[in-house]
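Peer 1: got a predicted structure plus its sequence, pasted below:
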Amino acid sequence: MAAAATSRRLIDVGFALAIAATAIAYFSTRDSIPALPAGLCADTDGSQRLPTHARVAAVFATIEGPADVTGWSMGTLESELRQQGFTEARPHVFEREDATVEVIGPLADDEEVVERALNRVLATHDLVYYNGHHFRGGLELHPRDHPIVVLDTCYSTQFYASLASEAELIGNRERAITGSVFGFADLLGTVLERNGRGWRELLAPVNRAAVERASLRDVYREPERYGRVGACAP
């Protein structure tokens, strides 16, 4: 069953990449990526904590391309949520005994619009996922109560490392390509198990799946590399 599910995902992602390979990736070049601030590292460990009933928001901003990439990503996440036992209580709001997940979007590809939407959910939710452009680090984000924040965008580790003091920040230090939403779906499933595993263990299968997806691509062959941004070990 697991092998069949993996094959299905790879076929689906391969199809999406065939029609929209540039997806999130076109926005950056490597020579414009800032270095991490001194004292912060891209792949630190630590425990994750969620309340008995977690509030989760998945925010999607429009990615321009030859197909409806954003709609595909949102639909893919909602399908994954159903497979994890969530039911759609109302449009784009999914309920399970241990969590409520709101799927928000597609937002305009506009810095102010995205910033407003993210700050709204960062003030109320326990886990926030963002899929869209990085706006060169220009989003002014203000998490409340140290939520888990997963920024699934190009080079979010480098552009938004300063958020690590205010949130459990999961960033990506490479390009983000259509299909990366599968990684969040898997991460959400394991985080909601609340079994005390550290971030490196939780993210290891997400990064392995990114390598599998990258092997399907003719362009952007470097996989996403996710990690918890935090203070470097002494």
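Peer 2: Thanks, I have the structure now.
Peer 1: next, the contact list for the residue nearest in space to the middle of the chain, please.
Peer 2: Residue closest to the average C-alpha location in the chain (Cα atoms, centre = their mean): residue 152, at 3.5 Å. By Cβ atoms under 8 Å, 6 or more residues apart in numbering, the contact set of residue 152 is 129-131, 172, 176, 180-181, 183-184, 224. C-beta here means a position set from N, CA and C on the backbone, and glycine is covered the same way.
Peer 1: can you list the residues you listed in JSON lines and add pLDDT?
Peer 2: Converted to JSON lines, these look like this (pLDDT from 0 to 100):
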{"residue": "129", "pLDDT": "98"}
{"residue": "130", "pLDDT": "98"}
{"residue": "131", "pLDDT": "96"}
{"residue": "172", "pLDDT": "97"}
{"residue": "176", "pLDDT": "88"}
{"residue": "180", "pLDDT": "90"}
{"residue": "181", "pLDDT": "93"}
{"residue": "183", "pLDDT": "93"}
{"residue": "184", "pLDDT": "96"}
{"residue": "224", "pLDDT": "93"}
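Peer 1: the residues you listed in strands, which ones?
Peer 2: Among the contacts of residue 152, the members found in strands (DSSP state E) are 129-131, 172.
Peer 1: so which of the residues you listed is the most crowded?
Peer 2: For the ones in strands among the contacts of residue 152, the largest neighbour count, defined by other Cβ atoms under 10 Å, is 29 neighbours, found at residue 130.
Peer 1: please report the distance of it from residue 219.
Peer 2: Using Cβ to Cβ, to the nearest Å, we find residue 130 at a distance of 24 Å from residue 219.
Peer 1: strands of the protein, start to end?
Peer 2: 40-44, 54-61, 87-90, 93-96, 99-107, 127-131, 148-152, 168-172, 226-231.
Peer 1: closest to residue 71 out of the ones you listed?
Peer 2: Counting by Cβ to Cβ, residue 71 lies closest to strand 99-107 out of the strands of the chain; the figure is 6.6 Å.
Peer 1: against which helices or strands is that closest one packed?
Peer 2: The criterion is 3 or more Cβ pairs under 8 Å, 6 or more residues apart in numbering; DSSP states H and E, and the helices and strands that strand 99-107 contacts are strand 54-61, helix 69-83, strand 93-96, helix 111-122.
Peer 1: let's go with 6 Å and repeat that
Peer 2: For strand 99-107, the packing partners by 3 or more Cβ pairs under 6 Å, 6 or more residues apart in numbering; DSSP states H and E come out as strand 54-61, helix 69-83, helix 111-122.
Peer 1: pLDDT score assigned to the residue of the chain most remote from its centre?
Peer 2: Taking Cα atoms, centre = their mean as the measure, the residue most remote from the mean C-alpha position of the chain is residue 234, 28.4 Å away. Per-residue confidence (pLDDT) for residue 234: 82.
Peer 1: next: residue 212.
Peer 2: Looking at residue 212, its pLDDT reads 89.
Peer 1: so what's the residue count around it?
Peer 2: That count, for residue 212 with other Cβ under 10 Å as the rule, works out to 15.
Peer 1: now do the contacts for it.
Peer 2: The neighbours of residue 212, taking Cβ atoms under 6 Å, 6 or more residues apart in numbering as the test, come to nothing; the list is empty.
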